[in-house]
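J.: Based on what follows, work out the 3D shape:
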Amino acid sequence: MRLREIIVPQEKIFFDLLSDQSRAVLKGAEALADMMMNYQDLNEKTAKIKEIEHAGDAITHEIYVRLNRTFVTPLDREDLMGLASKCDSVLDAINGVARRFLMCEIEAPNQYMKDFVELILKATRDINLLMTNIKQADQMEVDRGCEEVDALENQGDELLHSSLMALFKEDTPPVEIIKFKEIYEWLEFALDRCEDVTYAIADIVMKNK
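T.: Residues are numbered from 1 along each chain as shown. As a prediction, this is how the structure comes out:
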């Protein structure tokens, strides 16, 4: 048995891991925001986001391992695995966005891209707040957090529509249209994954209230 398992109760370990994972998600969003606001050293910044994504994978793996060897868990096993997986999907999407800026050789992010990233950053802050307090959270707090992220996702839908409309109206070369369209869609995809996390949290809190 590991020293941490002797010192820290099993129940607390799971909540600590969920908090670690939500902080990794927020850290990934912050790194993406820094990339947008200070658009230079892209190789280095993309590598940093990949490292954060790997760290998130490691946390998810540890949650799975502990679930497989723990007889009694503080929350339903499937709920814990589902929440961990959904957080992992947010980080995967953030990493996917960063990689596409690099692969598509985007010279500079436009305002639509910056606005998308700001929405993602706000959503991951809400996720971090909910997950770090999931043990004590009441239904009202969770509902409020879900509504905020849902509103951000709706703004993302509108932003995707506006960005694509502008893209096709402008005299943009076809290759550039393909590049920008894919990035816009990946940004909106990341917001969708954030919403999935809040719904998973809401289900867990409702089941355990």
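J.: Next, the residue lying farthest from the centre of the chain: phi, psi?
T.: In the chain, the residue that sits farthest from the middle, by Cα atoms, centre = their mean, is Asp171; the gap is 33.6 Å. Main-chain dihedrals, Asp171, degrees, to the nearest 10: phi -80, psi 70.
J.: Show me what counts as buried in the strand or helix carrying Leu83.
T.: According to DSSP states H and E, Leu83 maps onto helix 77-103. Using 16 or more other Cβ atoms under 10 Å as the test for burial, helix 77-103 gives 79-84, 86-98, 100-101. For the C-beta atoms, the positions are set from N, CA and C on the backbone; glycine is no exception.
J.: what does the average pLDDT come to for it?
T.: The pLDDT scores in helix 77-103 average 94.
J.: Please apply the same query to stretch 58-72.
T.: Mean predicted confidence for stretch 58-72 is 85.
J.: Tell me the buried residues in that stretch?
T.: Ile59, Thr60, Glu62, Ile63, Arg66, Leu67, Thr70.
J.: cool, and stretch 113-120?
T.: Met113, Asp115, Phe116, Val117, Glu118, Leu119, Ile120.
J.: In this structure the fifth one contacts Leu32, no?
T.: This points to Glu118. No - checked against Cβ atoms under 8 Å, the pair Glu118 and Leu32 is beyond contact range at 10.3 Å.
J.: Closest one to Glu185 out of the buried residues of stretch 113-120, please.
T.: Phe116 (10.3 Å; Cβ to Cβ).
J.: If you count neighbours, what's buried in the helix ranked longest in the chain?
T.: Using DSSP state H to define each element, the chain has its longest helix at helix 174-207. Within helix 174-207, the residues that count as buried by 16+ other Cβ under 10 Å are 179-181, 183-184, 186-191, 193-198, 200-202, 204-205.
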